[in-house]
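In: Kindly return the folded structure for what I paste below:
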Amino acid sequence: MSAHNNSYTTKVSGFTLIELMISLVLGLLISAAVMQVYLINTRTITVQQSASEVQDSSIFAMQSIEEHVRLANLGNPINYITDSTDHGGIVLAQANLGNANSTDVKYFTIDASTGVSNIKDIASDQLTIQYKNITPDDLYDCEGGKVEQGEADWVVERYFVRLANGASSSDTTKNLVLACSAGRVDADGNVTAAFTDNGAVVVAAVDQFKVLLGAQADVDKLTYLPPSVYALIDKPTDDEKPAITSVKLGMIVRSNTPLIADADADEFTLLGATHTLKTDTTRKKYYRRSYESTVLLRSARVMSVVATVKSTP
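Out: You can find the predicted model right below:
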């Protein structure tokens, strides 16, 4: 057998430089398209997740707050609520808690300039309510404490904005929560369980909390005022001061999941006023929404009955 029959010549073929360049460009284009689709889907998912977080925390929390605010003044035979009503449902002064009460007014319903907030030049408010359980069932305060049927003490609940546990106070845009601290006072106003602590978290991420009091000056005149403005109304007698019949609540709530976006909303309308987030180039971008609710106090006088006698000729 000849030698050339035992040798095999294998021809090796490959891509040319132009073919390699074309393949590389096509691969990059496909990769870029896949990455773009991935980023769009990720942004959509984070927006949906953030919106769901805000909706869950705010709607359910607002419903819970509304249920408790509707209890304000429960158990009080006086239905004309002012800042001097004994055990009045809206706590504006020491007189509302009882003659012996000496609690600092900073723990009452106020729109103080020092209230912590992420809104530029507008502080958060505080709402303090009071009620007694005269229902046939046990109730639970805003911290989950049991309020037994027929309990002699009055329940005091304070809703306010504070730093989240472990959050830094030095950040321009702070990690804030809406909390509630529940306590008790006796018939004379002596505090039997404090409502001045950090309380329990009601809304996990909030930038602003505002309160307006609905004051009924006449049968057909209902005006919503900040608590400080209502306190300035000076009348000769308590019955002449407009009665508080309702409360307007407003919150700006944010998500816990940051957005993957170039920008986020920083201006909101809340209780008829424009609220702008503080300028902070380092803050994370979050989904935010404003929520409002009006609560009618079921134990308050909401109308006056005026009797007239028809004159006879």
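
In: For my notes, confirm residue 292 occurs in a strand.
Out: Yes: under DSSP: H, G, I helix; E, B strand; the rest coil, residue 292 falls within a strand.

In: my read: it touches residue 248, true?
Out: Yes: contact criterion C-beta atoms under 8 Å: residue 292 and residue 248 qualify, at 6.8 Å. Yep, even glycine has a C-beta here, placed from its N, CA and C like the rest.

In: where do the contact lists of these two overlap?
Out: residue 271 (C-beta atoms under 8 Å, 6 or more residues apart in numbering).

In: Now do the contacts for residue 162.
Out: Residue 162 touches 116, 176-177, 179, 198-199, counting by C-beta under 8 Å, 6+ apart.

In: Look up the residues forming beta bridges with the residue nearest to residue 153 when sequence neighbours are not counted.
Out: Nearest residue to residue 153, sequence neighbours excluded (C-beta to C-beta, 6 or more residues apart in numbering): residue 184, at 4.1 Å. For residue 184, the beta-bridge partners under DSSP bridges are residue 155, residue 193.

In: Where strands are concerned, which of the contacts of residue 162 count?
Out: 176-177, 179 (DSSP state E).

In: who touches residue 130 in this structure?
Out: Neighbour list for residue 130: 72-73, 87-91, 96-97, 154-157, 185 [criterion: C-beta under 8 Å, 6+ apart].

In: Flag the shaky bits of the protein, pLDDT-wise.
Out: 1-13, 38-51, 53-54, 56, 219, 236-239, 262, 301-313 (pLDDT under 70).

In: Next, residue 216: secondary structure please.
Out: strand.

In: what's across from it in the sheet?
Out: Residue 216 has these beta-bridge partners by DSSP bridges: residue 222, residue 243.

In: Settle this for me: it is touching residue 242, isn't it.
Out: Yes: counting by C-beta under 8 Å, residue 216 does reach residue 242; the two are 5.7 Å apart.

In: Now do the contacts for the residue nearest to residue 178 when sequence neighbours are not counted.
Out: Nearest residue to residue 178, sequence neighbours excluded (C-beta to C-beta, 6+ apart): residue 203, at 3.9 Å. Each residue near residue 203 by C-beta under 8 Å, 6+ apart is listed here: 57-58, 61, 177-178, 251, 253.
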